[in-house]
Every structure is written in structure tokens, then in C-alpha cells.
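[1] structure, please.
(2 chains)
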Amino acid sequence: MEPKQSPKGLTRRELLSRATAASATFVVGSGFLAATDAAWAAELNALQPETFATLVQMARDIYPHDQIGDEFYVIAVKGYDTAEAAPGIEVGIAALNAAAQGKGHTSYLGTGWERDRVDILRGMEDGAFFQQIRGGLVTGLYNQKAVWPLFGYEGASFELGGYIERGFNDINWL
Amino acid sequence: MTAPFDLTDDSVVVIIGTGAGGGVLANELAQKGVSVVALEAGGRYLPEDYVNDEWESFGQLAWVDARTTSGDWRVAKDFSGLPAWIVKAVGGTTTHWAGASLRFQPHEWKAKTTYGDVQGANLLDWPIDADEMDPWYTLAEDKLGVTRTGDRPGLPGSNNYLVFEKGAKALGYEEVHTGRMAINSDENRDRTMCQQTGFCFQGCKWGAKWSAAYTDIPEGEATGNLEVRDHAHVARILHDDTGKVTGVEYFDKEGTLQTQMARVVCVAGNSFESPRILLNSASEMYPDGMANSSGQVGRNYMRHMTGSVYAVFDKPVKMWRGTTMAGIIQDESKHDPERGFVGGYELETLSLGLPFMAAFLDPGAWGREFTSALDAYENMAGMWIVGEDMPQETNRVTINHDVKDQWGLPVVNVHFDDHPNDIAMRNHAYQQGQAVYDAVGATRTFPTPPYPSTHNLGTNRMSEDPRDGVVNKWGQTHDIANLFVSDGSQFTTGASENPTLTIVALAIRQADHLASEMAKGTI
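    The predicted structure follows:
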């Protein structure tokens, strides 16, 4: 069960405030997440803010991890905010919203329950747009080094001398 | 001292590929005083170049040139342009391999005799057997420094192994240990001892794992008899009016087409590139491709029956710590048709980092069923299944003339359908693998589908009768006396063991034969 969201879903302001709060402990490569609210819109190069917020929600619904902040999803899809990619994304998100409206919701972001949003996504999962977003997330989300510790994954160990003296066989519950 | 040979020098042996087959053959021949030019499509990377990062390393080492796929295997859907996960670099896939070094069991050299007629399978006995291979296996084990052979101790067990071992013992399995691995287990060898770093698939930065890239290749070069040309992509093999091969054409670093003359050509480009080169070498005299009078070039492609089992526990495992393949259960590798299939399989621990787990645990899956599994990544243990798959004539590598690579050469299409025996064996293995983890208290288990193939076998198989295969017991093509195949593509059947040790043993044996025949003047 998850808390009901506002009818408008995740707003740009909400997204930004959560991202900014989290960024205190999160090193962001670009200035994107540290930007002020006004700068946020300016930071979007090609996509409409509402489109981008919908894309971020879609990314979270495809690979939902409740312990992971929005900033990781934002980074995972920020690559679509280019003049080249944006038209296709606008079309895809418009279709997503149309599908939501076809099921009686105001929009995808206005669909309060995750199960209802997943139901909308299931209806388009074989389509090129969904597969483009899902496929991109596999590396876009899970290959962010900053996300690894949130799963307990330690990444490279050679520089630390491997695990031969650092717990390669430290299991204690067998 | 690296030997530079002239393009017009027709006294050299040209070897195409520098992996477990070609790299070893090149060194072995060079040690015997034979002049060798080895052509390698990839670049040269050494331990200091390897990267402890799965995707970055994949970008550095993997063979990602265009290929196409067809058939009912799930790889054709999930990874349609990437049928194999193999390496394009000096040393080939010995950079990437996990190090498991197992001998074939005696009966596995005689699959047709042992298993009888299996409908739909194109089984054949190898023209060699365990007794003949025994001394070559010993030489291969010594070269690779295989643990639990000779006086070499086994590696210590990692967390992933300890979970696996406890489950295996609870099920009553007896042949359970940390494997026979080409990874140094003590300080007294010419390579560093394993530091339990993980990332074995990304190239061992300690050089603890055997790889031709930093052992056989430099050893061969040191003799002055071996020249390795990297970024040399072979287009086709040339022949004269008598049908004998005379050299090869290849694209060099600059993309310029060069011709290297040769006394002998040995093809060792893996089970996709080796038949591709033979088929792309079709000529007026050889309209169906070189060495293909049997029509068997490209056929009988095998990839081992594989799959994985991952499991989640209520406490941490941290499976990524330590050697990637850290242990084995061998009890199921026997031939016991009572289980509902012929041949057998090995269970071997395996770990993937988070990025690859996300890509391979259940390709294409999404939503909470999938992400809740990754949420438990730290508490996950894993194993890989490797079993004997059935050779089928229709599982084959063909030339896809509609798709060209960066040199304008038509690429291969890889067609694979699972045989019913493969499916029955995989289901049995999933069940046993899941039972292993359930016995240790797994809260959830995952029967994970096969990854892009790492064990690519057959396609130029060895046969007694020239009508049944492409090469004879020495890897010499039935059709052309000075053309050899030196990689896993010469496998008649796949057995249940990881293939590298057998490829190396065959290469050492082939070098001995070839040098001796050349000295006698018969080739």
C-alpha cells in the first residue's frame, strides 16, 4: 500500500524539492539537481516540464525501488531531454496520458495508485516507446555508481586489495 | 623479441585468433621453432588495462560487431544482436572466462555410443578418447596451473560457495568442492595468488587467472618466432589451383586489405567467426565455402545447456566478494537416463554485480516482482548450470548477406532451437538448483534463463568419416591438408564440462602434430 498522491501526481516542484533534499548526500555530476526551482525549468533543454515529470514517474513505475530517491530516476531519463530525442518522448508520453484517460483517469500523473499506472503500462509494454524507456533504464538506472550502495553492492575492489582480507568468507549465519 | 614476418613469407603458419585455441597453438609452435603470424581482430589489453566495472569492461572487451539470430532460444528475443558474450582482444575469451578447468569424462568422448540414437540429435563419437587425451590434459593443467590437479591446492570457499556447499551437502551431494580452477591458489607460482577480488569476467587485474593474453602470447613472442598482429580482421582464406591454401586476406589497423602468405593456416576465431571465414572464402573451386564438401561447416552449433539459479535469503550473502566461479557440484554430471534425459550437467557458483544482475536476472521483466528481487541483491546467492546439449544439424551458423560488418563483410546468423533433451535437462537442473538453496532457507528462488552464449562449440566438428564433419582427429580439415581448425568449433559433442581446458589440450596436441608433420615435409 502506498500513500495516495495528489491528483496532479508528482509535480515539478515536489520532484525538485525531494531531489534537492536528497542531493545533500548525493554527488550529482551535473548542476541539474542542485539547481533552484527557476533554474529547473531552464535546465530542461527540450522536454516540457510536465512531460519530464511524467517520464520520471513512468521510470519509477517500471523499476520501483522505494529506497531510491527520484534523483536517480531523473538522471536515468535525463538523456532524453535533447532536441533529437524529445519529439519522440512527447509523443510517447501523450500516448501514455491518452491511455490513462481511456481508463478514466485525468492523466498518467493523475493516476493515484501504482497498480492502476502499472495496468496502463501493461497495455503498452510491447510497444516501441515502452521498450525504449525500459531498455534504457537497465543501464541508466542500475549502472549509476551512486545507486549501488543503496543495494549493498560494493563495486570495484581491486584498489582495496580485493576481499581476501576483507570478508570474502565472512558469512556467519549458516 | 617480437618477430616481424614479411607479408610475402610463405613459410609461416598463420593462426587466425589468439584465444584458448589460437593463442596456445601460437606459443606451442613458436616454442618448437615454427614461424607463426597470429592475426587477432581485437586490440591488446593487459591486467593494468582491465576495469572492475561490468559495463565499462564489456565496452572494452566484448565482441559487439553485428550478428543476427533466429530460433526458439530466448537469447534471440532478449539479445537478438548479441548471441554470444565473448571477447575481441589478444588472448580472446581467456580474458573473460571464469577459469573452470574440467576434463571430459571418458564416456563423453563417445556420446553416440553411450547415449544411442536420440531423435533429432546429430550425435557422433569423437575420433579420440580419454586415454589418448590424458597426457595432453596433464600438460594443459600444468600450463594453466589448475587447482586440485598436480600438487596445487584448491581455492578457499567464498560466501557464495559456503551457502552452495551447505545446501549441496544437505541434499546428499558428495562431489562438492571449490572447483578445478586456472586461478592460482598459492604464492609459489609464476602468477599472483588469487586475492578474492571478484570481476573474473572482466579480466583478472592480478593476473592470478590464466589468460593467454599475459602468458602464452608474450612467451611465444619471446622466442622470436611469433608475431601477433592486433586489429587484424580476416576477410577470407586464399588457395591455389591445386586447392591448397596459400594465405589470408585481412583488414589491418587502418582498414587496408592486406595479404599474408602462409604454408599452413589454422582457424581459431570461435564457433561463429571460424565457420564464417570458411564460408566467406567460397570460390569457384569451393562454391559452398572452404573445407565444406560435407556440408557440415556451420552446422551442429552447440552452446551448452545453461541457465542460472539465484536465491534470496533473509540475511546477507554478498556473493560478489571473491572469485566469480567459486565452487562446483559434480554429482549430476553423470549419464543417468533415469532422470529423463541423456548426458549430465554441472552446477557451478556464479555471481553477477548489480548492473549485470539487472540485465540478466529476467531480461525484459519489470515491475515489483522484478525489483523486489534486486532489492534483496545483498542477500542473494547464485549458481550457473552447464550441461551437455544435443548437436542438431539445423542449429547452425550461416552467412547473412543482408547485414554487413564495418568492413563490408556479410555477418553470421546464429540459429538455435533447444532440443527436448536440453529442455528436460534444464528443468531438472532448475529443480535441483532451487532445492540446494531451499535447503539453506532461501525465501525466494529464481530459475534464470540462459545468457548470451559463452561456450560456443561445434560448427566445424571433428569426425572419423569426412562425410560427418569438417576436421579429422588432428583438427586438420578433411578437404585441405594445410588448413586446420584449432578452437572449440572442432568439438564433436560438448560434454558437460566448461570447454577451455579441452580446447587448450587439443591445441597443445595439434601443435605437436603440426610441427612434426612440417618437419617431415608432409604438410
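
[2] show me where pLDDT drops low in chain A?
    A:1-42 (pLDDT under 70).

[3] now do the SS call for the most centrally placed residue in chain A.
    Nearest to the geometric centre of chain A sits A:Tyr73, at 2.1 Å (C-alpha atoms, centre = their mean). At A:Tyr73 the chain is in helix, as set by DSSP: H, G, I helix; E, B strand; the rest coil.

[4] surely it touches A:Ile62?
    No. At 9.4 Å, A:Tyr73 does not count as touching A:Ile62 under the criterion of C-beta atoms under 8 Å. Backbone N, C-alpha and C define where each C-beta goes, glycine included.

[5] now B:Val297: how far from A:Val56?
    Separation of B:Val297 from A:Val56 (C-beta to C-beta, to the nearest Å) stands at 52 Å.

[6] among these two, which residue is more densely surrounded?
    Using other C-beta atoms under 10 Å in any protein chain shown as the criterion, B:Val297 and A:Val56 rank with B:Val297 on top: 30 against 24.

[7] show the contacting residues for that one.
    Counting by C-beta atoms under 8 Å, 6 or more residues apart in numbering or on different chains, B:Val297 touches B:Pro275, B:Leu278, B:Leu279, B:Asp288, B:Gly289, B:Met290, B:Ala291, B:Thr459, B:Asn460, B:Val470.

[8] and these, which two are furthest apart?
    B:Asp288 and B:Thr459 (14.5 Å; C-beta to C-beta).

[9] more neighbours: which of those two?
    Higher neighbour count among B:Asp288 and B:Thr459: B:Thr459, with 33 against 13, using other C-beta under 10 Å.

[10] wait, what's in contact with the more buried one?
    By C-beta under 8 Å, 6+ apart, the neighbours of B:Thr459 are B:Ser271, B:Phe272, B:Ser274, B:Pro275, B:Val297, B:Gly298, B:Arg299, B:Asn300, B:Tyr301, B:Arg396, B:Val397, B:Ser489.

[11] follow-up on the earlier one: of the contacts of B:Val297, which belong to helices?
    Under the assignment DSSP state H, the contacts of B:Val297 contribute B:Pro275, B:Leu278, B:Leu279 to helices.

[12] so where's the longest helix in the chain?
    In the absence of a named chain, chain A is used. Assigned via DSSP H, chain A shows its longest helix as helix A:86-102.

[13] right idea, wrong chain: chain B
    helix B:500-520.

[14] quick one: buried residues of that helix?
    When burial is assessed from 16 or more other C-beta atoms under 10 Å in any protein chain shown, helix B:500-520 yields the following buried residues: B:500-515, B:517-518.

[15] before we move on, what about stretch A:137-149?
    A:Leu137, A:Val138, A:Gly140, A:Leu141, A:Tyr142, A:Asn143, A:Gln144, A:Val147, A:Trp148.

[16] can I get stretch B:511-523 in CSV, CA atoms only?
    The C-alpha trace of stretch B:511-523 is given here as CSV (Å, rounded to 0.1, in the frame of the first residue of the first chain):
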residue,chain,number,x,y,z
ALA,B,511,50.9,-28.1,-32.2
ASP,B,512,52.9,-31.3,-31.6
HIS,B,513,51.4,-33.0,-34.6
LEU,B,514,51.7,-30.0,-36.9
ALA,B,515,55.3,-29.3,-36.0
SER,B,516,56.2,-32.9,-36.5
GLU,B,517,54.4,-33.2,-39.9
MET,B,518,56.0,-29.9,-41.1
ALA,B,519,59.4,-31.2,-40.1
LYS,B,520,58.7,-34.4,-42.1
GLY,B,521,57.6,-32.3,-45.0
THR,B,522,54.2,-33.9,-45.3
ILE,B,523,52.4,-30.6,-44.9
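
[17] now do it, average pLDDT.
    The average pLDDT for stretch B:511-523 rounds to 97.

[18] tell me the bridge partners for the residue lying closest to B:Ala376 once chain neighbours are set aside.
    Distances taken as C-beta to C-beta, 6 or more residues apart in numbering or on different chains put B:Val312 closest to B:Ala376, at 4.2 Å, once the chain neighbours are dropped. Here B:Val312 shows beta-bridge partners B:Met380, B:Arg444, assigned using DSSP bridges.

[19] what sits against the residue nearest the centre of chain B?
    Centroid-nearest residue in chain B: B:His455, 4.2 Å away (criterion: C-alpha atoms, centre = their mean). The contact partners of B:His455, by C-beta under 8 Å, 6+ apart, come to B:Met302, B:Arg303, B:His304, B:Thr306, B:Val386, B:Gly488, B:Gly494, B:Asn498, B:Pro499.

[20] show me the residues you listed that map onto strands.
    B:Thr306, B:Val386 (DSSP state E).

[21] got CSV for the contacts of B:His455, with distance to chain A and pLDDT too?
    Conversion of the contacts of B:His455 to CSV gives the following (distance: C-beta to the nearest C-beta, whole Å; pLDDT from 0 to 100):
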residue, distance to chain A, pLDDT
B:Met302, 29, 98
B:Arg303, 23, 98
B:His304, 25, 98
B:Thr306, 21, 97
B:Val386, 23, 98
B:Gly488, 29, 98
B:Gly494, 30, 98
B:Asn498, 22, 98
B:Pro499, 27, 98
